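> I would like to see how this sequence folds:
(2 chains, ligands or ions: 3)
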Amino acid sequence: MKNKKPHLIYDDQGKAVSDRPWIFRTYAGHTNVWESNQLYRSNLAKGQTGLSIAFDLPTQCGYSSDHEIAKPEVGKVGVPVNSLDDFHVLFDQIPIDKMNVSMTINGTAMWLLALYIALAEERGIDISTLKGTTQNDLIKEYLARGTYIFPPEDSIRLIVDMYEYSLQHIPDWNASNICSYHLQEAGATPVQELAFALTTAITVLDAIKERGCFSAQEFERCVGRISFFVNAGMRFVEELSKMRAFVEMWDEITRDRYGIKDPKYRRFRYGVQVNSLGLTEEQPENNSWRILIETLGVTLSRKARCRALQLPAWNEALSLPRPWDQQWSLRLQQVLAYETDLLEYPDLFDGSHVIESKVKDLKEKAYAEISNIIDMGGGMAAVKNGYMKSALVKSQSERIDRLAKGQQIVVGKNKWLEGLPSPLVSGDDGGIFKIDVNSAQKTIESLKNSRRSRDAQRVAESLAVLTADAEQGNNLMPASIECAKARVTTGEWSATLRKVFGEYRPPTGVDGQAMEITTNRGGVQNKINRFVEQYGYRPRMVVGKPGLDGHSNGAEMIAVAARNAGFDVIYFGIRISAAEIVHSAIEENVDVIGISLLSGSHNEIVDQLSAELNKAHADIPVVLGGIIPQADIANLTAKGIKRIYTPKDYDLMMIMDDIMDVINEHKLSPCG
Amino acid sequence: MPVSACQTDLQQPISEHLLSLLEAAVSLEKWPIAKLISLFEANTEQGFIQRHQLMAYIQQQPKLASRRAYIVGVTGAPGVGKSSLIGELCLQLLKQQPGAAIAVLAIDPSSHNSGGALLGDRTRSLFPVGEKRLFFRSQSSALDLGGLSRKTFQVTRILQYLFDYIVIETVGVGQSEVEVAKLCDHSFFVMQPLAGDQLQFIKSGIMEMPDSFIINKCDEQQYAEQSLQQLEASLRTTRSLLKEGEESVIPPVFLSSSVTKQGFKDLADYITGLSVNEGNRNNTSNKENYFIAKWVRYLYGEYGYNIYINNVANKVDGSMSYEQKQLLFKQSIDNKNSLISVPNQ
Ligand code: B12
Ligand SMILES: Nc1nc2c(ncn2[C@@H]2O[C@H](COP(=O)(O)OP(=O)(O)O)[C@@H](O)[C@H]2O)c(=O)[nH]1
Ligand SMILES: [Mg+2]
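Ligands and ions are numbered 1, 2, ... in the order given. Predicted coordinates for the structure are as follows:
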């Protein structure tokens, strides 16, 4: 065709066309399978074009809903799934042969995929038609997200098993999704995001290669199945450049390191959730603009446009979104894709010297970091020795320091604080979503029913095969699918593999941190010096993360800040039981217990803590921080919690100062 | 420890409260033990007096006074796996001696310029909740350079009457090995496979010899064997250099892995054997004399040390408590100060 215009997109016939929009998703799931099924169906009716499933923490960490550790968490931050019976309800009337389904599932990814396959088979659907993704990136779980179960080697083995199985049986399935999203939420800079995510992809591909289960041609296809899940923050020009860097680097790495010839298999395919870490509790309405701007970073540049997008909501820092909040964010995507002319143009940034140079700069730095990690022994080594985790903790603390000093402006948080009250939070529900605490009962009933009605012998046999295959190094997918059909539970599948593989606890990244959180130290240091003089030792604090909550940022920042202020701090990472925290607090004779909870299970867990403290006759003041709705505060205070901090308390040294007051008050009280 | 004025009164009777704490601690209740440890760490006059009272009281209880924990030191560079190893070792010791009680004292070197510390050792040895026979306590090394904290010795003074074993984790670097040897009945130096630097360290003879070696992380097999051979070879040469003439014994080397859990049975057997056959190697007054000298040096430098040697060391006797010795020194230096103001060159 002659006279092609560079500002138009042409199809094969030379006709000017528009691009198809990306997949619109909403990350959703809560309460139980019945409620979540309703939610999915109504979201689809509103024009959402794919499903993105949020599971509750017990399901993600491999516990059934009736396990002791699961109790406070069932249905809180996602949907609980105990057995195939639950999956039948969850996907009721949803055409899974046509639907693209993304599951945010990691430690138990193989199990959930097995359930999905078993569901298809029981429904008589050809499993090769299944389309979707299991997140299944365990490296970023160790670094940022926290729903790991097994040691690194075994986790990688499960991932490779899934790639092997998927390529043969469900070719359109993304067996894993390499995530940089969570790394940014844990503090990663753009360069760290590029470097750590690509290192993860290399680690997975190297492991696949090492197994040697694919022919050269199959390996090409397998590389083509690697997809990514990326973040985009407020610095949207840099983010746009980062996306272009990702595209170029992935093309280069797959070509040069793995010799992939077909460019189609070297394409960087990615989905996005935009940054939520920067969304504020203060003036929450401003978050809507932030979400819009962050969306631009991953949609403007056609060359690096996302395949699927899910957006947080304006009330991100308050609670899970309500259906209306999700609808509002979905509308943003629809407005951008259908009301604007964005999808009519080729790449807008080709030829831009600015973007080109920025991309080059990011790439150089990211490549340098990748080779640094490879020299260290690769992705797994850099998990085990804590290198990557420490780097993230350091970046996060630098971010927090910039916020506290006002070097990084966040409107409504550290600048222009005065504003009119937001009508968004003045409704009856305060603008937040509340889970019905009794809804877990229905889940537990249905779990009991499944257990009662299943064939016990088939269960025992399928679990025995699972154990044997795990021990012998066989691919665990077939055994898992049989377990699913036998109505094995999430807890049983996981416990069986826990027995074979053991469990793993990665480095916390806080020790050995040489970084500074420098603001406002004078005040608190005076208080601490006086304390040391009077009592002859440094104030001691345990920072604990009870339950299954994996949000470690807050606890890490508090631990580091407390140390920098002059406390002796004991911190041992996430997923420690209330009993273990109290036990440690007692042995260490601490002056205060600091608890961090963002999983919505604070009411139940605070009860557990009080019970443990009472049992030991230990009178230690407790302070709490995290996502704690205003409505719960009075009740928690009545239960004896001395202070409650939320994201708006972002100056860490002010928190430390306040905690010293708690300690001093306690020392002076008759029981101190 | 600030021994304030000479008026410090060590004669006050021990309080009921302290006695009941001690009694509960003897029956291994956690909270009272934790509080007693704090009392031995506290840099206050009250702590000073109460320590004396407790020690004096214990000396009058023959049964209690005759108990002495066997103290094991575990040293080695950060990251070699000491905490993980101690966790496994303690569980193994308990398996073999169900009646024993073990206290772990982990000294963390990570002090910050603010003085605060992140105490991370617990992470690696989370013991079963409610297990009375195991007690874990972290200590910051405060301003001491690496190695032991000044508080460490203090805390062992009380723990030795409550437990059968005390395991002390510390970063061993050069000088502090001497202290570990003073404080502990046996010291293990832990290293990772192919830890070249540490081998150099031993070869150059700078490091006071630990009693035994552990090559940990030997799940990384191919290196473990190689390291074992290297270590043994260099131990042979070093020993022949250092102890010429004497009968030189090459210290034992153990292989362990917290991942595969191998090696802990041997290690536990060995420690049990030592505690039964060899017993405590430093008696209390030996230790006290060493640590009081260190305390004096720390607070008053060489000047104070000379006063201690000339005016105090010859006056102390076995019946005095550590606090009484400290007080004696303090009185002595106060007297001196009022007579001469400038020390002789
Ligand atoms: C970052 C983030 C993540 C990261 C966490 C990275 C990490 N390693 O921490 C990632 C991406 C991994 C993540 C995952 C999930 N997240 Co998230 N996440 C957030 C987000 C955006 C910010 C939290 C944060 O780190 N803030 C920065 C830190 C420094 O602030 P902070 O923790 O609030 O701490 C401050 C104060 O609260 C206080 N404080 C906190 N703790 C303590 C403790 C003490 C002792 C003291 C004194 C003070 C104190 O001091 C700190 C300084 O300001 C929040 C929403 C938001 N904007 O707050 C959602 C949010 C917490 N996440 C949520 C959910 C549901 C999840 C998932 C469970 C989703 C799912 N179903 O899989 C997963 C699973 C995680 C898991 N394993 O538990 C929900 C929780 C809903 C609820 N409670 O009802 C939130 C509120 C988002 C939402 N609106 O839905 N998340
Ligand atoms: N492969 C292997 N790793 C170990 C072993 N013991 C400890 N580690 C790891 O080494 C790191 C440091 O362990 P830690 O016990 O904290 O060492 P410490 O600093 O000497 O107390 C952690 O990541 C452990 O998981 C072992 O026997 N084998
Ligand atoms: Mg340690």
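
> all strands for chain B, in order.
B:70-75, B:102-108, B:117-119, B:134-140, B:165-170, B:186-191, B:212-215, B:253-255 (DSSP state E).

> could I get those as a markdown table with mean pLDDT and mean neighbour count?
Where C-beta positions appear, they are placed from N, C-alpha and C, glycine not excepted. Putting these into a markdown table (pLDDT from 0 to 100; neighbours: other CB atoms under 10 Å in any protein chain shown) gives the following:
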| stretch | mean pLDDT | mean neighbour count |
| --- | --- | --- |
| strand B:70-75 | 94 | 26 |
| strand B:102-108 | 94 | 26 |
| strand B:117-119 | 89 | 26 |
| strand B:134-140 | 94 | 24 |
| strand B:165-170 | 95 | 26 |
| strand B:186-191 | 90 | 26 |
| strand B:212-215 | 90 | 24 |
| strand B:253-255 | 91 | 18 |
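
> count of neighbours near residue 265?
Picking chain A for this. For A:Tyr265, the neighbour count with other CB atoms under 10 Å in any protein chain shown is 18.

> oops, I was thinking of chain B
13.

> Tell me who's in contact with the closest residue in space to it that isn't next to it in sequence.
In this structure, B:Lys265 finds its nearest non-sequential neighbour in B:Gln92, 6.2 Å apart by CB to CB, 6 or more residues apart in numbering or on different chains. Neighbouring residues of B:Gln92 by CB atoms under 8 Å, 6 or more residues apart in numbering or on different chains: B:Phe264, B:Lys265, B:Leu267, B:Ala268.

> Just the pLDDT for the closest residue to ligand 3 within chain A.
Residue of chain A nearest ligand 3, by CB to the ion: A:Asp511 (8.9 Å). With respect to pLDDT, A:Asp511 scores 77.

> Pull the number of nearby residues for it.
The tally of other residues near A:Asp511 (other CB under 10 Å) stands at 25.

> How about the secondary structure of it?
Three-state call for A:Asp511 (DSSP: H, G, I helix; E, B strand; the rest coil): coil.

> Next one: it from A:Gln396, what distance?
15 Å (CB to CB, to the nearest Å).

> cool, and A:Ile574?
Using CB to CB, A:Ile574 is found at 15 Å from A:Gln396.

> same question, B:Thr44
37 Å.

> where in chain B is pLDDT low?
Residues of chain B meeting the criterion pLDDT under 70: B:1-8, B:110, B:142-147, B:172-177, B:195-208, B:221-222, B:237-249, B:336-345.

> Which residue would be the closest one in it to ligand 1?
Scanning chain B for the residue nearest ligand 1 gives B:Leu118, at 14.2 Å (criterion: CB to the nearest ligand atom).

> Now do the contacts for that residue.
A:Val510, A:Asp511, A:Gln513, A:Ala559, A:Val560, A:Arg563, A:Val569, A:Tyr571, B:Asp108, B:Ser110, B:His112.

> again, only this time at 7 Å
By CB atoms under 7 Å, 6 or more residues apart in numbering or on different chains, the contact set of B:Leu118 is A:Val510, A:Asp511, A:Ala559, A:Arg563, A:Val569, A:Tyr571, B:Ser110.

> again with A:Ala304
A:Ala304 makes contacts with A:Leu240, A:Met243, A:Arg244, A:Phe246, A:Val247, as judged by CB under 7 Å, 6+ apart.

> Check which residues of stretch A:618-629 are buried.
A:Ala618, A:Ile620, A:Pro621, A:Val622, A:Val623, A:Leu624, A:Gly625, A:Gly626, A:Ile627, A:Ile628, A:Pro629 (16 or more other CB atoms under 10 Å in any protein chain shown).
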